[in-house]
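A.B. asks: Here is my input, please return the structure:
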Amino acid sequence: MSALTATPVNTVGSRTTRWIAVFAALAVMSGCGGHPKNVLTPVADTIPTTSRVTMLVATTRGRSDDAGEMFTGERARAPAFVDITVSIPAERKIGEVAWPKKLPSDPATDFATLNAEQLTKDAAKLWLNATVRKSPDRSVLVFIHGFNNRFENSVYRFAQIVHDSGVKSAPILVTWPSRGSLLAYGYDRESTNYTRNTLEALFQYLAADPEVKEVSILAHSMGNWLALEGLRQMAIRNDGLPAKFKNVMLAAPDVDVDVFRSQIEDMGEHRPRFTLFVSADDRALAFSRRIWGDVPRLGSIDPERAPYKEEMETNKITVIDLTKVKAGDGLHHSKFAESPQVVQLIGARISEGQSLTDSRLGLGDHLIAGTTGVAVAAGSAAGLILAAPVAVIDPHTRDHYGHHLNNLTGTKSAANRPCGMNEAASAKAGCHPLRQ
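C.D. replies: Have a look, this model is predicted:
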């Protein structure tokens with residue numbers, strides 16, 4: 001970590017040293033280990049207690065020769081489509097992806113692939129129409145993953161989100177060419193640009209399809225750049241965004257705040273309802289900030305400070321602060337999916353049209369504690385307020401931002417120590433490389 005503050009005489013050497021230090025630190029904090037590859041080979045599910053999530057996948061990844069991998073991190077000349085069904089075991093913590101420890105996957109204890117069928121574009125349209133008709137509100141949820149994701153990572157993470165949120169929308173995963181490597185940050189970023197036109201084409205199809213009545217978008221980390229660019233491009237081409245695009249949820253966005261400002265302006269006045277999930281202790285975004293010239297990343301802003309507070313209010317963007325939420329790994333970058341309460345709030349937002357919370361409300365420890373009872377059962381923002389009125393009115397739940405970005409090398413307590421602190425403990429905990 002000391003290399004982050006070193007100042008070598010040679011400029012090129014200094015830049016190289018900083019990059020190496022950044023990725024070395026990320027690797028240490030994200031831990032070691034992993035899970036078996038090629039988990040997408042279908043297995044039989046004879047366990048009656050499992051749940052199933054069936055999704056449509058649209059991808060710009062290159063095809064793999066291995067059926068268990070399906071797609072690589074390289075770029076394809078044309079998009080491909082897949083119908084995938086994932087089995088989810090009954091005994092599992094909400095927010096957790098139960099990766100198999102060995103192959104074949106055991107549906108009784110693991111996430112398992114039951115079906116993985118590649119589709120033509122016309123077959124994908126038929127799948128979408130049939131699935132949308134089963135949705136109570138004829139809605140679609142589009143999920144776009146972040147940096148350092150293999151194909152199976154994005155599939156299983158989305159299956160977990162759909163299941164744990166309880167959303168009833170037709171699920172569509174957009175997965176772009178990520179090499180699944182900490183050292184491929186630049187390649188991954190360019191791959192999001194490579195996928196912009198494909199994503200916009202999907203958005204245009206959903207806008208024109210009369211079967212689809214409502215569209216929600218959930219993006220994570222670097223995937224937010226792709227989501228925002230796709231929406232911006234569509235708005236410019238169509239002179240605005242369609243009314244059926246109701247919700248855009250930006251989780252830990254790895255996006256320059258100045259660029260975000262211009263993207264929002266380009267979308268025009270009639271925009272979807274934007275919800276922004278931020279966390280001041282997000283270490284992955286702190287490193288990204290260093291890489292991109294020390295400009296704040298959208299996912300780690302303090303929403304109570306100028307100019308962000310005024311800008312979010314002016315643009316009617318709801319901000320959910322997750323700084324005090326205890327979930328995820330030592331990087332604090334995947335709280336939106338790994339916190340049971342937050343992922344259920346997302347489901348309520350999509351399925352019931354609930355406002356997640358007042359735009360100035362921080363989800364502090366007391367609020368999260370309150371959601372273990374009435375609020376989760378109610379599945380609504382009203383339930384949250386009833387369950388934890390003190391957190392709603394207490395401004396001190398929001399006073400926890402400033403020091404986090406300046407304490408990147410701080411140690412954690414033994415109870416919350418991140419993966420990678422020692423090899424034996426990391427292996428026992430089942431740590432996996434950083435994924436956004």
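A.B. asks: Doesn't residue 118 lie inside a strand?
C.D. replies: Yes: counting by DSSP: H, G, I helix; E, B strand; the rest coil, residue 118 falls inside a strand.
A.B. asks: For it, which non-adjacent residue is spatially closest?
C.D. replies: residue 82 (5.3 Å; CB to CB, 6 or more residues apart in numbering). Placement of C-beta: from N, CA and C, glycine included.
A.B. asks: List the buried residues in the helix or strand containing the one you found.
C.D. replies: Assessed by DSSP states H and E, residue 82 sits inside strand 71-88. Of the residues in strand 71-88, 71-73, 76, 79-88 count as buried by neighbour count, 16 or more other CB atoms under 10 Å.
A.B. asks: From these, pick the one nearest residue 116.
C.D. replies: The nearest member of these to residue 116, counting by CB to CB, is residue 84 at 5.1 Å.
A.B. asks: Quickly list what that closest one is bridged to.
C.D. replies: Taking DSSP bridges as the rule, residue 84 bridges to residue 55, residue 116.
A.B. asks: got the contact list for it?
C.D. replies: 40, 54-55, 57, 113, 115-117, 155 (CB atoms under 8 Å, 6 or more residues apart in numbering).
A.B. asks: One more pass at 7 Å, please.
C.D. replies: 55, 57, 113, 115-116, 155 (CB atoms under 7 Å, 6 or more residues apart in numbering).
A.B. asks: now those residues in a markdown table, with distance to residue 299, pLDDT and neighbour count?
C.D. replies: Output for the contacts of residue 84, formatted as a markdown table (distance: CB to CB, whole Å; pLDDT from 0 to 100; neighbours: other CB atoms under 10 Å):
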| residue | distance to residue 299 | pLDDT | neighbour count |
| --- | --- | --- | --- |
| 55 | 25 | 98 | 21 |
| 57 | 25 | 98 | 25 |
| 113 | 31 | 98 | 24 |
| 115 | 34 | 97 | 14 |
| 116 | 32 | 97 | 18 |
| 155 | 23 | 98 | 28 |
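A.B. asks: Adding distance to residue 195, write the residues you listed out as CSV.
C.D. replies: Conversion of those to CSV gives the following (distance: CB to CB, whole Å):
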residue, distance to residue 195
55, 18
57, 13
113, 23
115, 25
116, 21
155, 17
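A.B. asks: Looking at those, which one is closest to residue 215?
C.D. replies: Lowest distance from residue 215 to these (CB to CB) belongs to residue 55, with 15.3 Å.
A.B. asks: isn't the closest one right next to residue 173, touching?
C.D. replies: Yes: shown here, residue 55 and residue 173 form a contact pair, counting by CB atoms under 7 Å, at 5.4 Å.
A.B. asks: Name the residues contacting each of the two.
C.D. replies: residue 158.
A.B. asks: Compute the first-to-last residue distance for stretch 130-146.
C.D. replies: From its first residue to its last, stretch 130-146 covers 29 Å (CA to CA, to the nearest Å).
A.B. asks: in the longest helix anywhere in the chain, what's buried?
C.D. replies: Counting residues, the longest helix found in the chain (DSSP state H) is helix 185-208. Buried residues in helix 185-208, defined by neighbour count with 16+ other CB under 10 Å: 185, 187-189, 191-192, 194-196, 198-200, 202-204, 206-207.
A.B. asks: From the contact counts, what lies against it?
C.D. replies: Here helix 185-208 touches strand 51-63, strand 71-88, helix 223-238, going by 3 or more CB pairs under 7 Å, 6 or more residues apart in numbering; DSSP states H and E.
A.B. asks: List the buried residues in stretch 225-244.
C.D. replies: Quick answer for stretch 225-244 (16+ other CB under 10 Å): 225-235, 241-242, 244.
A.B. asks: Can you lay out these as CSV showing pLDDT?
C.D. replies: Formatted as CSV, those follow (pLDDT from 0 to 100):
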residue, pLDDT
225, 95
226, 98
227, 97
228, 97
229, 97
230, 98
231, 98
232, 97
233, 98
234, 98
235, 97
241, 97
242, 96
244, 97
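A.B. asks: Any chance of JSON lines for those, columns distance to residue 129?
C.D. replies: Output for the buried residues of stretch 225-244, formatted as JSON lines (distance: CB to CB, whole Å):
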{"residue": "225", "distance to residue 129": "30"}
{"residue": "226", "distance to residue 129": "25"}
{"residue": "227", "distance to residue 129": "23"}
{"residue": "228", "distance to residue 129": "28"}
{"residue": "229", "distance to residue 129": "27"}
{"residue": "230", "distance to residue 129": "22"}
{"residue": "231", "distance to residue 129": "23"}
{"residue": "232", "distance to residue 129": "28"}
{"residue": "233", "distance to residue 129": "25"}
{"residue": "234", "distance to residue 129": "21"}
{"residue": "235", "distance to residue 129": "25"}
{"residue": "241", "distance to residue 129": "22"}
{"residue": "242", "distance to residue 129": "18"}
{"residue": "244", "distance to residue 129": "15"}
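A.B. asks: Which single one of those residues is nearest to residue 266?
C.D. replies: Nearest member of these to residue 266, counting by CB to CB, is residue 232, at 4.8 Å.
A.B. asks: if I pick that closest one, what's in contact with it?
C.D. replies: Contacts of residue 232 (CB under 7 Å, 6+ apart): 263, 266-267.
A.B. asks: same check, this time on residue 68
C.D. replies: 38-41.
A.B. asks: Same check on residue 189?
C.D. replies: Going by CB under 7 Å, 6+ apart, residue 189 touches residue 222.
A.B. asks: Now do it against residue 291, distance only.
C.D. replies: Distance, residue 189 to residue 291, using CB to CB, to the nearest Å: 10 Å.
A.B. asks: repeat for residue 75
C.D. replies: Per CB to CB, residue 75 is found 22 Å from residue 291.
A.B. asks: Next: residue 246.
C.D. replies: Using CB to CB, residue 246 is found at 34 Å from residue 291.
A.B. asks: before we move on, what about residue 103?
C.D. replies: Distance from residue 103 to residue 291, by CB to CB: 36 Å.
A.B. asks: Write a ChimeraX command that selects only the buried members of the contacts of residue 68.
C.D. replies: This is the ChimeraX syntax for the buried subset of those, where burial follows 16+ other CB under 10 Å:
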select :39,40,41
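A.B. asks: Now render the contacts of residue 68 as JSON lines, adding pLDDT, distance to residue 147 and secondary structure.
C.D. replies: Converted to JSON lines, these look like this (pLDDT from 0 to 100; distance: CB to CB, whole Å; DSSP: H, G, I helix; E, B strand; the rest coil):
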{"residue": "38", "pLDDT": "92", "distance to residue 147": "22", "secondary structure": "coil"}
{"residue": "39", "pLDDT": "96", "distance to residue 147": "20", "secondary structure": "coil"}
{"residue": "40", "pLDDT": "97", "distance to residue 147": "21", "secondary structure": "coil"}
{"residue": "41", "pLDDT": "96", "distance to residue 147": "26", "secondary structure": "coil"}
